[in-house]
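Q: What follows is a predicted protein model with its sequence.
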Amino acid sequence: MPGYSSVDLVAADLTSQAAFYESKLGLPVIREGDAIRIELGDTELTFHGQSEGPPATYHLAFDIPCNQIASALDWVQERTEVLATSGVKLHSFASWNAEAFYFKDPAGNILECIARHGLDNARPGEFDSAGLLYVSELGVPVLDVSAALTQLRAAGLPVYGSPAADFAAVGEAGALAIVVSDGREWFGSCGRKAEMHPANAVLRHGGPSTDVLHLGNTQLCLKPERSKHRG
């Protein structure tokens with residue numbers, strides 16, 4: 001299974017976060033002291049209480065079944081606002097063979113549902129919360145994209161698509177670190193800019209080794225996909 005096995009972030013208002021993921025998205029939420037743990041498909045997504053500093057925001061993408069993008073868009077629109085860019089809600093990425101749309105949680109995190117048409121993960125019927133398969137992308141803001149790219153390549157992760165001075169997707173379809181310059185506007189976010197906040201994530205990948213990288217304020221643990229360890 002590709003993607004992130006665990007993602008740990010911070011949020012200033014855990015009550016609102018829990019209500020959104022549980023009541024709006026229909027996901028199991030477990031309250032654990034000053035944290036909430038969300039069972040999002042094959043990913044454990046945890047928000048820890050943030051006690052200081054400006055409220056943290058992040059970018060996360062959720063892979064959904066390759067045949068359910070239209071159904072997923074309708075399902076999410078019934079529960080929360082889907083963001084529109086120049087009136088467009090559903091975006092096509094030809095070079096990635098994917099389609100996606102964007103929305104926000106109460107903390108202001110930019111969430112993305114993405115259908116990757118090259119993956120064999122079609123499901124019958126209409127979309128529901130079970131179609132949120134796993135976290136497939138985590139935004140990683142850094143001061144120097146080129147330096148971060150060097151670290152990730154040295155750890156065995158390939159560049160995905162065409163990198164730019166302020167943007168690089170690294171990994172494979174369904175398991176990507178989205179490395180951007182601190183302050184760069186997130187695509188589809190209606191103006192939300194990338195910010196460096198504490199994050200700890202475990203990314204399953206196709207390489208042979210385990211590495212721990214520190215990229216900006218993100219600690220990224222790379223684990224071979226065969227590993228069953230979570231967290």
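A: Yep, it's here.

Q: Could I get the phi/psi values of S129?
A: Per-residue torsions, S129: phi -60, psi -30 (degrees, to the nearest 10).

Q: Any idea how many residues pack against the residue lying closest to it once chain neighbours are set aside?
A: Leaving aside its sequence neighbours, S129 sits nearest to G26 (Cβ to Cβ, 6 or more residues apart in numbering; 3.6 Å). The way it works is simple: take the backbone N, C-alpha and C, and place the C-beta from them, glycine included. Number of residues near G26 (other Cβ atoms under 10 Å) recorded here: 13.

Q: Just the element for G26, please.
A: Per DSSP states H and E: G26 is located in neither a helix nor a strand.

Q: where's S189 relative to E137, distance?
A: 14 Å (Cβ to Cβ, to the nearest Å).

Q: How about A175?
A: 8 Å.

Q: swap in I36?
A: For I36 relative to E137 (Cβ to Cβ), the value is 21 Å.

Q: Over stretch 184-200, what's the mean pLDDT, rounded is fine.
A: Here stretch 184-200 scores 93 as its mean pLDDT.

Q: what's the helix or strand for the residue nearest the centre of the chain?
A: Central residue of the chain (Cα atoms, centre = their mean): L60, 2.3 Å from the mean position. Element membership for L60 (DSSP H and E) is strand 59-64.

Q: What strands line up against that strand, and which way round?
A: Note on strand 59-64: by DSSP bridges, its sheet partners are strand 110-116 (parallel), strand 134-142 (antiparallel).

Q: To D166, which of the ones you listed lies closest?
A: D166 sits nearest to strand 134-142 of all the strands paired with strand 59-64, at 9.9 Å, using Cβ to Cβ.
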